[in-house]
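Asks: model this:
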Amino acid sequence: MLNLQNILESGHTYSDHEQPLKFKVRLINTVMMIIVFTSTIFALLHYLHVAPIGDFHANANFLFAFSNLLFILWLRASKNSYDLIVLLMIFSALATFTSALITIPNDEFRIMWFYITVFLAFFTGGILFGYSTAAASIVIILVSNALFDLNLSGLAITTAVTGLFILTITVKVYTKKMIDLEQSFISINDSLQSKVNSAVEEVRKKDELMLQQTKLAQMGEMIAMIAHQWRQPLSSISAISTKIQLSLALDEEIKKESLTQELGTIDKRITLLSNTIDDFRNFYNTNHEKKEFDLSHTIHQAIEVLTPAIENAEVTLEFKNSLTSRVTSLESELIQVLMNIIKNAIDILNEQDIERKITVTAYQDSEHTYIVIKDNAGGVAEKIIDKIFNPYFSTKKEKHGMGLGLYMSKLIIQEHCDGQLDVHNTDKGAVFTISFPLEN
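Replies: Below is the predicted model of the structure:
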C-alpha cells in the first residue's frame with residue numbers, strides 16, 4: 001500500500017531545523033505530481049484529437065511531464081538538491097508555457113500559467129527567486145508578443161504585465177511573512193532545545209545527587225552489618241586471647257598442641273573478618289564499564305553481605321539458579337540493586353509474625369536474563385504499588401527511610417543496564433523482576 005506522506009516528503013526524515021524545508025518538499029512534490037498527470041493528459045488528448053494543441057506543444061507537454069518525473073526521483077535521492085531541482089522545474093515550466101503562449105493563439109487563458117509559475121517560485125525558492133521568475137515571465141510575454149502573432153490585444157498584454165507586477169508585490173509581502181515565521185520558528189525551537197538540554201542536565205545532576213544520598217544511607221546500614229558480622233569473631237578472638245593471658249598469669253603450662261589449636265582458631269577468625277571486608281568492597285566500586293561475569297556468584301555475594309540481617313530477622317532465603325551462561329552487565333551496580341530489594345524484603349518481613357521466606361530465582365531465555373525476588377510478606381498495598389519507584393517515596397519514613405533505594409534501583413537497571421525492573425503482587429507477597437538483555 002502506497003504511503004502518501006512518504007511520497008510527498010520524498011522518503012526523507014527532517015530535523016527540527018528542517019521543518020520549513022519539509023513543508024517546501026511536500027509542496028513541490030505535490031505540484032510536480034500534478035504537472036506529470038495534467039501534462040500527460042493534455043498531450044494524450046491532442047493525439048486522441050479531443051483537444052488539439054499542436055504537435056509541438058503536445059510533445060513539449062510530454063517532455064514537461066517526463067522531466068518533472070525525473071525531478072521527483074532526484075529529490076527522493078537527495079533532499080540537498082532541492083534548490084537546484086526547483087530552479088530546473090521553474091525553468092522547464094517557463095519553457096513549456098512559452099510554447100503554449102506562441103503555438104496556441106486560440107487559448108485566451110494561456111497567460112494564466114505564468115501567474116501560477118511566479119506564485120510557485122516565491123513559495124518554493126524565496127523572494128529573490130520569485131522576483132527573477134516574475135521578471136522572466138514579463139520579458140517572455142513582451143518579446144513573444146513582439147516576435148509572434150499571439151492573437152492578444154495591447155490591452156490584454158498590458159493587463160497581463162500589470163497583473164504580474166501586482167501579483168509579485170502581493171506575494172512578496174506574504175512570502176516575507178512566511179520567511180519571518182520560519183526564522184521565528186527556528187529561534188523558538190533553538191530556545192526550547194536549550195531549555196530541554198538544561199532541564200536534562202539538571203535531572204542528570206539530581207540523579208547523581210540521589211545516587212550519592214542512597215550510597216551514604218546504605219553505607220550506614222552496611223557499617224552496621226559489618227559491625228554485627230565482626231562481633232562474634234572478635235568476641236571469639238578476645239576470649240581465646242584472655243584465656244591464654246590468664247594461663248600465663250597463673251603460670252599454667254600451655255601444651256603446644258593446645259596453643260597451636262587456639263592460634264589456628266584466631267587465624268580463622270581473622271580470615272573471616274578479612275573476607276567480610278572483601279564482600280562489601282564491590283559495593284563501592286565506581287567502575288561503570290560493563291564486563292562479563294558469573295551472575296550466580298554475584299547473587300551469592302549480595303546474599304552473603306546481607307547474611308547478618310537475614311539471620312537477625314530469622315528469614316529463610318532460597319536461591320534457585322538455572323542460568324546457562326555468563327552475562328555482560330555492571331556487576332557492582334547490580335549488587336547494589338539486589339541488596340536494595342532483598343533488604344527491603346527483610347525489613348518488611350521483620351515486622352510480621354510469620355514463617356519468613358525470600359526466594360531468589362535466576363534464569364535465562366534466548367534474549368534476556370531474569371532475576372526474580374519473591375517474599376511472603378503479603379505484598380505491596382495496591383494504592384501505593386505504582387508509586388514505590390518514585391523518588392523520595394518511602395513507607396519507612398518513621399524509620400528514617402529516604403525513599404531513594406527503589407528509585408535508584410530502577411534507574412540503574414533501566415539507564416545503565418538497558419533492562420527493566422517491575423513489581424507485582426501474588427497471593428503471598430511481592431515479586432520484583434529484573435530483566436536485562438544478553439549481549440554477545
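Asks: Identify each of the helices in this structure and give its residue range.
Replies: Ranges of helices in the chain, per DSSP state H, are 4-8, 19-47, 55-77, 82-103, 112-125, 127-147, 154-249, 256-281, 295-305, 307-312, 331-349, 405-411.
Asks: The residue nearest to residue 436 when sequence neighbours are not counted - how many residues pack around it?
Replies: Leaving out its chain neighbours, the residue that sits closest to residue 436 by CB to CB, 6 or more residues apart in numbering is residue 419, at 3.0 Å. C-beta coordinates here come from the backbone N, C-alpha and C atoms, glycine included. Counted with other CB atoms under 10 Å, the neighbours of residue 419 add up to 21.
Asks: so residue 419 touches residue 437, yeah?
Replies: Yes - with contact defined as CB atoms under 8 Å, residue 419 and residue 437 form a contacting pair (6.9 Å).
Asks: What separation do you get for residue 328 and residue 290?
Replies: Going from residue 328 to residue 290 by CB to CB, to the nearest Å gives 5 Å.
Asks: Could you pull up phi and psi at residue 148?
Replies: With angles defined as degrees, to the nearest 10, residue 148 sits at phi -130, psi 160.
Asks: how many neighbours does the closest residue to it other than its chain neighbours have?
Replies: Counting by CB to CB, 6+ apart, residue 102 is the residue found nearest to residue 148 once chain neighbours are left out, at 5.2 Å. For residue 102, the neighbour count with other CB under 10 Å is 19.
Asks: and what of residue 295?
Replies: Neighbouring residues of residue 295 were enumerated by other CB under 10 Å; the total is 21.
Asks: Next: the one 3 residues further on.
Replies: Residue 298 has 20 neighbouring residues, counting by other CB under 10 Å.
Asks: Surely it and residue 335 touch.
Replies: Yes - the pair residue 298 and residue 335 qualifies as a contact (CB under 8 Å) at a distance of 6.1 Å.
Asks: Beta-bridge partners for the nearest residue to residue 368 once chain neighbours are set aside, please?
Replies: Of all residues not flanking residue 368 in the chain, residue 435 sits nearest, at 4.9 Å (CB to CB, 6+ apart). Assessed by DSSP bridges, residue 435 has beta-bridge partners residue 370, residue 420.
Asks: what residues are up against residue 435?
Replies: Listed by CB atoms under 8 Å, 6 or more residues apart in numbering, the contact set of residue 435 reads 368, 369, 370, 371, 419, 420.
Asks: and these as JSON lines, adding pLDDT?
Replies: Formatted as JSON lines, the contacts of residue 435 follow (pLDDT from 0 to 100):
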{"residue": "368", "pLDDT": "89"}
{"residue": "369", "pLDDT": "91"}
{"residue": "370", "pLDDT": "94"}
{"residue": "371", "pLDDT": "94"}
{"residue": "419", "pLDDT": "89"}
{"residue": "420", "pLDDT": "92"}
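Asks: And the residues you listed, which of them are buried?
Replies: 369, 370, 371, 419 (16 or more other CB atoms under 10 Å).
Asks: Can you give the domain ranges for the protein?
Replies: Using automatic domain parsing, the domains assigned to the chain come out as 4-152, 212-281, 291-437.
Asks: Save these as a markdown table, and put in distance to residue 172 too.
Replies: Converted to a markdown table, those look like this (distance: least, CB to CB, whole Å):
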| stretch | distance to residue 172 |
| --- | --- |
| domain 4-152 | 6 |
| domain 212-281 | 60 |
| domain 291-437 | 52 |
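Asks: Pipe the buried ones among the contacts of residue 435 into TSV and attach distance to residue 265 per row.
Replies: Below are the buried ones among the contacts of residue 435 laid out as TSV (distance: CB to CB, whole Å):
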residue	distance to residue 265
369	41
370	42
371	37
419	45
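Asks: and of these, the nearest to residue 145?
Replies: When the buried ones among the contacts of residue 435 are compared for distance to residue 145 (CB to CB), residue 419 wins out at 76.1 Å.
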